[in-house]
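Asker: pasting the sequence and the predicted coordinates here, then a few questions.
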Amino acid sequence: MIPTRTERLLLRRPGEEDVEPLTVMNSDPEVMRYIGDGSVPPPDRDRTAAGIARVRQEWDERGFGMLSVVIAETGKFAGWVTLTVPAFLPEVLPAVEIGWRLRRECWGYGYATEAARAMLRFGFDGCGLDRVVSIRHVDNLRSKRVMDKLGMRFGFETLVPATGRPVAVHEIGRADHDALPA
């Protein structure tokens, strides 16, 4: 079953209501610092809407994908969490990656960890995955802390072929995940 709620968050498939906040989030240089080649594209509502359409299609094709993260108390869009195939890093394939991105004003509250825990549980129990990876720029210590809290273990460092950026690959298997305290 797709996760829809955590203690403080609502998780839902992205829709039209997410286009504007996603566009704004993706145009924040600090949010995008470790993404892709690190450059920040100009805000582009059409590109964001097309991206949402792609992730909705991914759900239909694979049975997993991106979920919007909304703060339950306020209804405010906080960001997203995802399970996806990391095609940008062929050396880890076959694999499913867990990832997240939050608006800067939502950093430091534990939302990424909370949403990712729910998504990991879905990956193992709802999708039958045996292993999940997470990939971060080597300097992205915030994401490393989330990975540590999720019980993920460092695997190796490598370079993304398209950008040459150094990344660290972390992973967790079903058995290790199931052994974690609830």
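Answerer: Right, received. Where do you want to start?
Asker: ok, Thr82 - how many residues close by?
Answerer: 20 (other CB atoms under 10 Å). Yep, even glycine has a C-beta here, placed from its N, CA and C like the rest.
Asker: actually Ile2, not the one I typed
Answerer: 16.
Asker: my guess is Phe87 contacts Leu93, does it?
Answerer: One thing to correct before we go on: residue 87 is Ala, not Phe. Yes: between Ala87 and Leu93 a contact is recorded at 7.3 Å, counting by CB atoms under 8 Å.
Asker: contacts only, for the nearest residue to Met1 once chain neighbours are set aside.
Answerer: Spatial nearest neighbour of Met1, excluding adjacent residues (CB to CB, 6 or more residues apart in numbering): Gly126 at 5.9 Å. The contact partners of Gly126, by CB atoms under 8 Å, 6 or more residues apart in numbering, come to 1-2, 63-64.
Asker: quick one: Gly126 from Leu9, how far?
Answerer: Per CB to CB, to the nearest Å, Gly126 is found 17 Å from Leu9.
Asker: again with Val31
Answerer: Taken as CB to CB, the span from Val31 to Leu9 is 18 Å.
Asker: give me the more crowded residue out of the two.
Answerer: Per other CB under 10 Å, whichever of Val31 and Leu9 has more neighbours is Leu9, with 23 against 19.
Asker: tell me who's in contact with the more buried one.
Answerer: The neighbours of Leu9, taking CB under 8 Å, 6+ apart as the test, are 69-72, 78, 111, 114-115, 118.
Asker: at 10 Å what do you get?
Answerer: 3, 67-73, 78, 81, 110-111, 114-115, 118 (CB atoms under 10 Å, 6 or more residues apart in numbering).
Asker: pLDDT of stretch 123-139, averaged?
Answerer: Stretch 123-139 shows a mean pLDDT of 97 in the predicted model.
Asker: near Ala175, how many other residues are there?
Answerer: So Ala175, with other CB under 10 Å, has 10 neighbours.
Asker: can you name the helix or strand that it falls in?
Answerer: Under the criterion of DSSP states H and E, Ala175 resides in helix 174-178.
Asker: with Ile172 instead?
Answerer: Ile172 belongs to strand 166-173, assigned by DSSP H and E.
Asker: which residues are contacting whichever strand or helix holds Val19?
Answerer: In the assignment (DSSP H and E), Val19 maps to helix 19-26. The contact list for helix 19-26, computed with CB under 10 Å, 6+ apart, reads 14, 18, 31-32, 35, 40-52, 66, 68, 70, 76-80, 101-106.
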